[in-house]
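Asks: Provided below are the primary sequence and the corresponding predicted coordinates.
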Amino acid sequence: MPGATTIGVVCKDGVVLASERRVSYGYFVMSKSGKKVFRITDNVGAACAGLVADMQVLTKEVAVYLRLYSYERDRLASVKSAAKVMANLLFERRLYPYLAQTIVGGIDDEGPSLFVLDPLGSVIDDKYASVGSGSEIAVGVLETEFKEGMTIEQGRELVKKAAKAALARDIGSGNGLDIMTITRSGIKEEGEPLT
Amino acid sequence: MPGATTIGVVCKDGVVLASERRVSYGYFVMSKSGKKVFRITDNVGAACAGLVADMQVLTKEVAVYLRLYSYERDRLASVKSAAKVMANLLFERRLYPYLAQTIVGGIDDEGPSLFVLDPLGSVIDDKYASVGSGSEIAVGVLETEFKEGMTIEQGRELVKKAAKAALARDIGSGNGLDIMTITRSGIKEEGEPLT
Amino acid sequence: MPGATTIGVVCKDGVVLASERRVSYGYFVMSKSGKKVFRITDNVGAACAGLVADMQVLTKEVAVYLRLYSYERDRLASVKSAAKVMANLLFERRLYPYLAQTIVGGIDDEGPSLFVLDPLGSVIDDKYASVGSGSEIAVGVLETEFKEGMTIEQGRELVKKAAKAALARDIGSGNGLDIMTITRSGIKEEGEPLT
Amino acid sequence: MPGATTIGVVCKDGVVLASERRVSYGYFVMSKSGKKVFRITDNVGAACAGLVADMQVLTKEVAVYLRLYSYERDRLASVKSAAKVMANLLFERRLYPYLAQTIVGGIDDEGPSLFVLDPLGSVIDDKYASVGSGSEIAVGVLETEFKEGMTIEQGRELVKKAAKAALARDIGSGNGLDIMTITRSGIKEEGEPLT
Amino acid sequence: MPGATTIGVVCKDGVVLASERRVSYGYFVMSKSGKKVFRITDNVGAACAGLVADMQVLTKEVAVYLRLYSYERDRLASVKSAAKVMANLLFERRLYPYLAQTIVGGIDDEGPSLFVLDPLGSVIDDKYASVGSGSEIAVGVLETEFKEGMTIEQGRELVKKAAKAALARDIGSGNGLDIMTITRSGIKEEGEPLT
Amino acid sequence: MPGATTIGVVCKDGVVLASERRVSYGYFVMSKSGKKVFRITDNVGAACAGLVADMQVLTKEVAVYLRLYSYERDRLASVKSAAKVMANLLFERRLYPYLAQTIVGGIDDEGPSLFVLDPLGSVIDDKYASVGSGSEIAVGVLETEFKEGMTIEQGRELVKKAAKAALARDIGSGNGLDIMTITRSGIKEEGEPLT
Amino acid sequence: MPGATTIGVVCKDGVVLASERRVSYGYFVMSKSGKKVFRITDNVGAACAGLVADMQVLTKEVAVYLRLYSYERDRLASVKSAAKVMANLLFERRLYPYLAQTIVGGIDDEGPSLFVLDPLGSVIDDKYASVGSGSEIAVGVLETEFKEGMTIEQGRELVKKAAKAALARDIGSGNGLDIMTITRSGIKEEGEPLT
């Protein structure tokens, strides 16, 4: 699977998702601007590691299902529902799977939450997580410094710190960070020129 | 198959099921909070070892079939029926099997009972059992200390003791224990901070 | 190769080496007290990841060569010489190599220094390093918090912090830490009950 | 073979050799300070791509042979002789080869010259060359901008430009550049903090 | 996959696409005039590397869909839409994919833009890109000399320079360059006798 | 085996040998100046296709044996003897062969002659021959235009014509031609800037 | 794929297509009179290399489609259309392809033209071409002697010369030549007793 560092952290008032931007085939950096963080609905996002084609199709398909759901019931789907819909899409293709590990995060009536999904559709509820070739390095930092109840701003700083270590030591990750913060006031996307 | 320690014990007045929470890919602990014990109906539960996606889909599917059964006949399915339904689902997918070993347990008109299922759908009725990478170690304790007719409380202590030994010596297991006790008064779930 | 987390850090006044104690075959913890940190001479030590037999033979053989050297010239060998001797032993067995990654560290006339060796005998001079299955996780912490010119005490704390993260997330590592500090006043070994 | 970008350029008054410093195993950056440029004699150097152990042993062995040669004949060996000695060492181990591609460069009575050697001992005389995983990218720049008769300073700038492009697009290369310039006034080594 | 050098560059006032013309099977040059640059609509073009049959069918199919789109809505499709349509066609055939890497470029209401597509349908927005066996060499030049806001004429010169280096060093590329420039005044195609 | 076009032609008053200069690894042109035509003695030369290291060692070894022969008997070896010596060296290494196809040519008391050798040491006497990846194309021309009794000058022109066709259609060959003519007046080497 | 030598050349006033007649299985010549040149319409022909069954079915099917086209529109299809129809038939069978390489040639309102098709349906417009096991040898001659604007008679002589060289050196080709010339005055077929 292609390299990546993808991180998610649950904070007191929202969720932070982030992925770096390197897209490489073998040793060659095909692109320095591959976006791996996706807006799913107005309260849910996803950050992925894996084949870019697969993560693009998978997140788009989930977004379509959730839009239908909102349209029919006139309310936003919960974060858990978003994760479950994605898990079903992944599981259905078990024999020729989407090559993507995904962190789905967002905020709903029950507060902020985060789910990690593997390519076969396992769904695991967690407080912080990292996937991709740089995940072990990032987790070293998260494990040491994550605390429950951080503010979104503290979460953003922790994610940047973990990503910085991963980009320094994982050759599959690089070329800056896309950060998405999801709070009651909506989704905010920003870039961070990490090397 | 990923590591796990999953244990089930039949007591005088109910059944105890338990699984630890580690989810690892290779040497890396992907999550410290993977739930592997599932409520199927109001009198039946299942504890699994294997791929998390497969155990999630499998137990959900069994639960749906048993709910239909209860709805149509206005009574709860027996523990044996639950195990048989799961065995059929496993057998049907024999060519691309669910990678999950399962202990189904519960209580019905005939009293408490326990069934062990392998990924191909074999069903074996037993008084105590353990599956997963830590099962040999746990069974060492069960074999020595299991007695028929224990109380639920004694059963809980035995399961914790067996799990403790397994977590100390099986690197695929760790990060605490989810325990489910099923008696006439219903299903009770609790966590145990074992390391 | 079996799992391990092995760490080395150069401080202002010495070097800190450390390894956890788990020895596992497959998923089974063979021993909870495998020592992977070795005293080579009075000013040089080594910490290893890999096959226990290989690291024991390798470090003993280096120790013998360096004792001969000291005896003939009446002075201790430099840390670099120790690393070079070990590299030669590794290189000679290139076709059926010792399965061991090693961090050689110590203090000599030129001050404290650290060398990383792979199983084929590459020697790389570094300020901090980690090898073994938990190395990525440990490096996440080292990368974020290492500063040149730390005291031995700060170095010890950093090594413990990095090891703690690695033991929490690498199933191949566990069961406590052996720490060796090498300063002008000699080699000090101690144990740390990390889980 | 591990990644690397190694470059050599013949100038009017000398030779420039350079290698970046990344040492990675799989996706993990094992070291950020692996030296791949080696001083062979007072007028010849070598820059390598491949296994660090092999390049360290190979260049050391060549240096020993050339020192004997100088001692016996009381003059420095020519650059071509250095390349030929290395080629013989490589060819002798044809069945279990040193995994190293090497650029040998230097200056002698016939002026500055450069030779490229593959792991089997082919020797090719060239004016500029690049080996390693980033060589195609570096060659794109060299091919476009190399001119015969450049000064050492122009050569250094060209090498840095080519290395910069390679480090930006080859994930196997990174963490700064070691540059060696060899002129009539001797060998000069310096570091360049490229990212 | 057969060799090729295919390049795309976004300029201030348009886009430049180019491919060389060699078609080889193994070492044999089957044709010296294989066209790999295709007109899709009046404002969008595509340049490909891969199997000639696949690129011919793929680009023709996209052209048909976009013509229908224009016919129904009475306006030209955007460049992004063209890329998305092609990505869908590629993704649908995931199990027996079109062996073609494609650069789609053009100009629309939002100005000039460029998208890189791999055989599985990943779509990545970029400012300059190269695909095919000569891409690493070409990217060495692009990486060094690309500047945002170049004129079409500067873009054409840069593309020729990058292609020249690639054709000099990649044996899978050769026999001249087909260049397509897409501006507000339409699509212009020309040949360049590069060797 | 790497690509090459190597040609030999017997003329009335001597022999013409030629090889192009491309050295490629995979699709990448490692060098544009790889010499594949070698002077063996004052009346015999060899032109090779294959691994550069092997052709360099093989021809050097043959040269040494023939020099010994001349020294002991005070006369030059015949062309046939040179070919036989090379054949013996090739045959001796039958289990791990030199990867080189060779055309040995020269002039002696019996006039000009040419021998083709495969990697296992077969020796075939011929009037014109071509080996390497471009040999079929070159032979198309030789077959059509070779006549017995050509002058050296006509032979040179025919070799250039055949090489030109091969370089135009064989991607493994390129970057100019090294031509060696061997007559009673000795060996003459020259370069030809073919593309 | 079975051997063959198939050649096509565009002349000033028409097109020449030719194929030899050998059909062999392994080393055995199954037939000395296998016809591989086919009349498609009154202005288009095809010459093939590959499985005889496949080329017979493929050319017949194209002929049927083009007859329908002529019938419906009351005019002959262009040579390009004929090539495109054949390409579509080839592409449709991509997963179990026709094993045939084809040269389609003819004359229409835009003058004489030639297209080369591979088994997957690639269509390449060319001035001269050769396919089959003897194609490299034939191309050596074509490459050297083809000139734009030859008369049909000169074209016929060139084709015979190229075929003669190929039949002399390719064992997959032999037993005489079938030549088809297509001019404004129609299609003419003849045999040539080449050996």
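Replies: Received, thanks.

Asks: rest of the way, CA atoms for contacts and neighbours
Replies: Noted.

Asks: measure stretch A:107-114 end to end?
Replies: 9 Å (C-alpha to C-alpha, to the nearest Å).

Asks: Name the residues of that stretch that are buried.
Replies: Of all the residues in stretch A:107-114, those buried under the rule 16 or more other C-alpha atoms under 10 Å in any protein chain shown are A:I107, A:D108, A:G111, A:P112, A:S113, A:L114.

Asks: Relative to A:D54, which of the residues you listed is nearest.
Replies: For those, the closest approach to A:D54 (C-alpha to C-alpha) belongs to A:L114, at 20.7 Å.

Asks: I'd guessed the closest one sits against A:I7; true?
Replies: No: if you go by C-alpha atoms under 8 Å, A:L114 and A:I7 don't touch, sitting 10.6 Å apart.

Asks: Pull the contacting residues for A:L117.
Replies: A:A83, A:A87, A:Q101, A:T102, A:I103, A:V104, A:V123, A:I124 (C-alpha atoms under 8 Å, 6 or more residues apart in numbering or on different chains).

Asks: still on that earlier bit, of the buried residues of stretch A:107-114, which is the nearest to chain C?
Replies: Comparing the buried residues of stretch A:107-114 against chain C with C-alpha to the nearest C-alpha places A:L114 closest, at 18.8 Å.

Asks: mind checking the SS state of the closest one?
Replies: When classified by DSSP: H, G, I helix; E, B strand; the rest coil, A:L114 comes out as strand.

Asks: Same list, the buried residues of stretch A:107-114, but as TSV with distance to chain C please.
Replies: Putting the buried residues of stretch A:107-114 into TSV (distance: C-alpha to the nearest C-alpha, whole Å) gives the following:
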residue	distance to chain C
A:I107	27
A:D108	30
A:G111	27
A:P112	24
A:S113	21
A:L114	19
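
Asks: Which strand in chain A has the most residues?
Replies: Counting residues, the longest strand found in chain A (DSSP state E) is strand A:100-108.

Asks: Give me the residues contacting that one.
Replies: A:6-8, A:14-17, A:43-51, A:54-55, A:78-79, A:82-83, A:112-119, A:129-132, A:182-184.

Asks: Show me what that strand pairs with in its sheet, parallel or antiparallel.
Replies: Applying DSSP bridges, strand A:100-108 is found paired with strand A:44-50 (antiparallel), strand A:111-117 (antiparallel).

Asks: hmm, back to that, could you pull out the residues contacting both of A:L114 and A:I7?
Replies: Going by C-alpha under 8 Å, 6+ apart, residues that sit against A:L114 and also against A:I7 are A:I103, A:Y128.

Asks: Can you classify the closest residue to chain G within chain A by secondary structure?
Replies: Per C-alpha to the nearest C-alpha, the residue of chain A with the smallest distance to chain G is A:Y96, at 18.5 Å. Here A:Y96 is coil, with the state taken from three-state DSSP.

Asks: Now the phi/psi pair for it, please.
Replies: Per-residue torsions, A:Y96: phi -140, psi 70 (degrees, to the nearest 10).

Asks: Do you know the pLDDT at it?
Replies: A:Y96 is assigned a pLDDT of 87 by the prediction.

Asks: need the longest helix for chain A.
Replies: Looking across chain A with DSSP state H, the single longest helix is helix A:52-73.

Asks: Now the residue positioned nearest the centre of chain A: closest residue in space, sequence neighbours ignored.
Replies: With distances taken as C-alpha atoms, centre = their mean, A:A47 lies nearest the centre of chain A, 2.1 Å away. Closest residue in space to A:A47, ignoring its immediate chain neighbours: A:V37 at 4.3 Å, by C-alpha to C-alpha, 6 or more residues apart in numbering or on different chains.
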